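J.: below are the sequence and a predicted model; questions follow.
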Amino acid sequence: KPLAQPVQAQAWTNIEMLLLLRKLPFWPKGRKILINGEVIDEADITPDQQGHFQRASSVFQGEDARKAVERDAAPGRFFIFACRGCPWAHRAILMRHLKGLEDAVPLSTTEGWWPFSRGMPAVATGGWRLDQPLPPATIAAAPDLKLYAEALPFYLWRLYTATDPKYTGRVTVPILWDSHTGKVRLNDSADVIRVLNSPAFSSLSCREHAAPDLYPSCLREEIELVNE
């Protein structure tokens, strides 16, 4: 018991410090969003007339987008950018592993939402950022990104502006990135896991006995209810 007291006291000190820092005018407000290609804090978005903040939907999503990705399935073409600490992105990481796609679909992970490894937390700078250099094969079709590939931190909002210089929307993970076109193809976690579960991607599995179909027709209605 006596050994636990200093730890508890230190924990309270850290909490008090964070509460104090949040009162500073330059303290970060939250996730990043792009407006016409410019990075701003999501909390700075003007609410609607009723005072409610309107959370934007993922932009790169939908059945047509999924089918297009499945038609283009090929080993090493698509990359996943995700954060292990984000529950939505984490399910894409799990699906990739369950389906045995570690070789066919490379993965790059971001730092957590609250890293101080470079002086300031991620939320105070440019949002999601990689915890390792960007693989060169990732940006072969996006020459504008080569300037930033070897530098850390690499912020994922650059993938969105490489796809559309005037992109307006949230900077989210997971991202399914197409290295052949140099564009974001999907950024909705539900769509990403459905694509990874599809026959087109399942055929790329490096395992003899990968996971079965995890989106069976007999359970889809129930799965959709849970997703909602």
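T.: Happy to help now that I have it.
J.: where do the helices of this protein begin and end?
T.: Using DSSP state H, the helices of the chain run over 4-21, 63-71, 87-98, 146-149, 157-163, 189-197, 199-202, 220-227.
J.: distance of R66 relative to E222?
T.: Counting by CB to CB, to the nearest Å, the gap from R66 to E222 is 20 Å. Backbone N, C-alpha and C define where each C-beta goes, glycine included.
J.: ok, the two, which is more surrounded?
T.: Summary of the neighbour comparison: R66 and E222, criterion other CB atoms under 10 Å, with R66 having more neighbours (20 against 9).
J.: can you tell me how far that one sits from P135?
T.: Distance of R66 to P135, computed by CB to CB: 24 Å.
J.: what do you get for K166?
T.: When distances are taken as CB to CB, K166 and P135 turn out to be 27 Å apart.
J.: with neighbour numbers in mind, choose between the two.
T.: Neighbours per residue, other CB under 10 Å: of K166 and P135, the larger number sits with P135, 15 against 10.
J.: low-confidence ranges in the protein?
T.: Low-confidence regions of the chain, defined here as pLDDT under 70, cover residues 1-32, 41-58, 112-126, 210.
J.: got phi/psi on H180?
T.: Dihedral angles of H180 (phi, psi; degrees, to the nearest 10) stand at phi -80, psi -30.
J.: same check on A104?
T.: Comment: the main-chain dihedrals of A104 come out as phi -80, psi -30, following degrees, to the nearest 10.
J.: beta partners of I175?
T.: Following DSSP bridges, I175 is listed with bridge partners F81.
J.: that one: neighbour count?
T.: With neighbours defined by other CB under 10 Å, the count for I175 comes to 26.
J.: tell me the contacts of it?
T.: With CB atoms under 8 Å, 6 or more residues apart in numbering as the criterion, the residues that contact I175 are I80, F81, A82, L156, L159, V184, L186, N187.
J.: and with 6 Å instead?
T.: The neighbours of I175, taking CB atoms under 6 Å, 6 or more residues apart in numbering as the test, are F81, V184, N187.
J.: closest to the centroid, which residue in the protein?
T.: Averaging the C-alpha coordinates of the chain gives a centre point, and the residue nearest to it by CA atoms, centre = their mean is V173 (1.3 Å).
J.: which residues does the residue lying closest to that residue once chain neighbours are set aside contact?
T.: Here the nearest residue to V173 in space, its sequence neighbours aside, is A89; by CB to CB, 6 or more residues apart in numbering that works out to 4.2 Å. A89 sits next to A82, C83, V173, P174 when contact means CB under 6 Å, 6+ apart.
J.: how far away is A89 from R194?
T.: Noted for A89: a distance of 15 Å to R194, by CB to CB.
J.: try H90
T.: Distance of H90 to R194, given as CB to CB: 16 Å.
J.: more neighbours: which of these two?
T.: In terms of neighbours (other CB under 10 Å), R194 is the more surrounded of H90 and R194; the figures are 21 against 16.
J.: and the residue nearest to S198 when sequence neighbours are not counted, how many neighbours?
T.: Excluding the flanking residues, the one nearest S198 by CB to CB, 6+ apart is E70, at 5.0 Å. By the other CB under 10 Å criterion, the neighbourhood of E70 contains 15 residues.
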